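K.L.:
Sequence plus the predicted model coming up.
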Amino acid sequence: MCPSPATLDQKPEGVVTFGSTSCKPNNITIIKECISKENEDPSMKIISNGRIQDPELIPYFKRNNPFTCGTDKWQFHYAKRHSDALTNFNETNKYLVYQCRKGSCAGWGDRIIGIITTFYFTLISDRIFLIDHTNPTDLENSLTFNAIDWRFSRQKQKLERLSSKYSDVYFCVVDKPLRKQFEFEDFRSLLSTDVEFVLFNERVYTYMHDNPKLSERRKELGLDRMSFFDIFGCLFQFLFKPNQSMKDLIQPIYWNNFKTHPTQKVIGVQIRTGEGVGEPPRLLDTTKSAFWSCIDQVSARIKQAAPNNTEPKIFLTTDSNAIKEYARHRYKDRLITFNTEIAHVDYSASKGVFQSTLAEFMMLAMCDEFIISRSNFGEAASMLNFNSRYKIPGAKCDVDPPEFELASGHIIIKSFKAH
């Protein structure tokens, strides 16, 4: 008998809903006896001790390439320093804490980019990194720690005796003085207390990574060989892995929808319109049509490269029910999408909304190619596994240019200041 909390119900036309079900042919479950057949390719073996193996978010050969994630030096050095600091508390240690407890922390894309920026800031400034995320729920209810234990709650009592301050670093490219400080000056001078609580919402680490005044520090850490395009995925992999409840959601979708065959390709599509969460419109009708054209172009290219393989599937995440309905009509059984409430994590206090948002994010990140809006949600997911991505800010289907391009930057606070 399959336990209901660990199941998902596969609806027609690739729609996935959360719910409890029994073990029948249309159901996806993580228990071995509910899997009708293991894949014949040994490299795709999915069952281990009665549970589905974890899909690789970042392939091993990529994350262990020194030209992708830098040398192992920074990973081993920081992991040891972090462990020593938490095991043997010393008041001389300094801390940098990403904090999201109440009020606006922006959407998940902004949050995870802010977390990665904070961690990069920590590495450069030789501090200890922690996360204090409880809005609307603890982050570890979906993502747990990987190489280091970043949970602020475990260190809170110790840190209360130290001096601290809170800073908003909601950044936008128009904030030229702040950009200049991160890009050309030694921004470590911004940190003045033992415990600094910060809230970033943009990829400020790209400016930190190119800052000429910190080139020796990057070389000392072993970060100098890492491209800023790869930083996000490498640091995410170091910090996070899905906890069991998240695995129970994403593993069945991955093995039963994404990887029905070893050669199956999935195009990840993220279309942010603003419609479903009451925001001003973000896309023109001509821009929406550009997504369908781009999907068809990328699909044709994938099919042309491997004519004997099945057509690529399409994983769609969007805040528009109308777009979902049109996509179901257009792509039929090629479409995979969540049939969950359309919501924004900054506008909803629902723990369920937060978890389903992170599940969609993780599934989007595991796609083979990406077609995304100018939105940090799609940006962040597409940066996790280093695959090709196409942006649709206008009406073209162009591969992301090599130069760095900021996302929407729709939240602006113009200074780094204590509150």
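P.N.:
Ah, there it is. Only a predicted model underlies this, so the values are computations on that prediction, with no experimental measurement involved.

K.L.:
gap between the nearest residue to Tyr120 once chain neighbours are set aside and Asn385?
P.N.:
Leaving out its chain neighbours, the residue that sits closest to Tyr120 by C-beta to C-beta, 6 or more residues apart in numbering is Tyr205, at 3.9 Å. All C-beta atoms are positioned from the backbone trio N, CA, C, and that covers glycine. According to C-beta to C-beta, to the nearest Å, Tyr205 and Asn385 sit 18 Å apart.

K.L.:
And these two? Which one has more around it.
P.N.:
Remark: of Tyr205 and Asn385, Tyr205 carries more neighbours, 24 against 21, as counted by other C-beta atoms under 10 Å.

K.L.:
Provide a list of residues in contact with that one.
P.N.:
For Tyr205, the residues meeting the contact criterion (C-beta atoms under 8 Å, 6 or more residues apart in numbering) are 116-117, 120-121, 228, 231-232.

K.L.:
so which of the residues you listed comes closest to Gln181?
P.N.:
For Gln181, the closest of those turns out to be Phe121, at 12.3 Å, with distances computed as C-beta to C-beta.

K.L.:
Lys94 is in contact with the closest one, correct?
P.N.:
No. Using C-beta atoms under 8 Å as the test, Phe121 is too far from Lys94 to be in contact (11.7 Å).

K.L.:
Between the two, which is the more surrounded one?
P.N.:
When neighbours are counted by other C-beta under 10 Å, Phe121 comes out ahead of the other of Phe121 and Lys94, with 25 against 18.

K.L.:
Nearest residue to the more buried one in space, please, no chain neighbours.
P.N.:
Leu96 (6.1 Å).

K.L.:
Report the separation between Arg188 and Trp74.
P.N.:
With distances taken as C-beta to C-beta, Arg188 is found 17 Å from Trp74.

K.L.:
what's the answer for Leu139, then?
P.N.:
Using C-beta to C-beta, Leu139 is found at 23 Å from Trp74.

K.L.:
Next: Met363.
P.N.:
From Met363 over to Trp74 (counting by C-beta to C-beta), the distance is 29 Å.

K.L.:
which one of these two has more residues nearby?
P.N.:
Residue environment comparison for Met363 versus Trp74 gives the larger neighbour count to Met363, 25 against 21, counting by other C-beta under 10 Å.

K.L.:
Report the secondary structure state of the more buried one.
P.N.:
State at Met363, reduced to three classes by DSSP: H, G, I helix; E, B strand; the rest coil: helix.

K.L.:
now the stretch 251-400 of the chain, which segments are flagged as low pLDDT?
P.N.:
276-286, 393-396, 398-400 (pLDDT under 70).

K.L.:
Strands of that one, residue ranges please.
P.N.:
Using DSSP state E, counting those that start in this stretch, the strands found in the stretch 251-400 of the chain span residues 266-271, 313-318, 335-338, 369-372, 389-391, 398-399.

K.L.:
residue boundaries of the helices in the stretch 51-200 of the chain?
P.N.:
When assigned using DSSP state H, counting those that start in this stretch, the helices of the stretch 51-200 of the chain occupy the ranges 60-63, 66-69, 73-87, 108-125, 156-159, 176-184.

K.L.:
before we move on, back to that, any shared contact partners between Phe121 and Lys94?
P.N.:
Here Phe121 and Lys94 have Arg127 as joint contacts, going by C-beta under 8 Å, 6+ apart.

K.L.:
winner for burial among the helices of the stretch 51-200 of the chain?
P.N.:
Of the helices of the stretch 51-200 of the chain, the one with the most neighbours on average (mean count of other C-beta atoms under 10 Å) is helix 108-125, at a mean of 24.

K.L.:
returning to what we had before: for the residue nearest to Tyr120, give me the backbone phi and psi.
P.N.:
The main-chain torsion angles of Tyr205 are listed as degrees, to the nearest 10 and equal phi -60, psi -20.

K.L.:
how near is it to Met383?
P.N.:
Plainly put, Tyr205 is 11 Å away from Met383 if you go by C-beta to C-beta.

K.L.:
can you check Cys397 too?
P.N.:
Distance, Cys397 to Met383, by C-beta to C-beta: 19 Å.

K.L.:
Okay, buried residues for stretch 245-264 please.
P.N.:
Of the residues in stretch 245-264, those scored as buried under the neighbour-count criterion (16 or more other C-beta atoms under 10 Å) are 246-259, 264.

K.L.:
Gly103 is in contact with Thr134, correct?
P.N.:
No. Counting by C-beta under 8 Å, Thr134 does not reach Gly103; the two are 11.8 Å apart.
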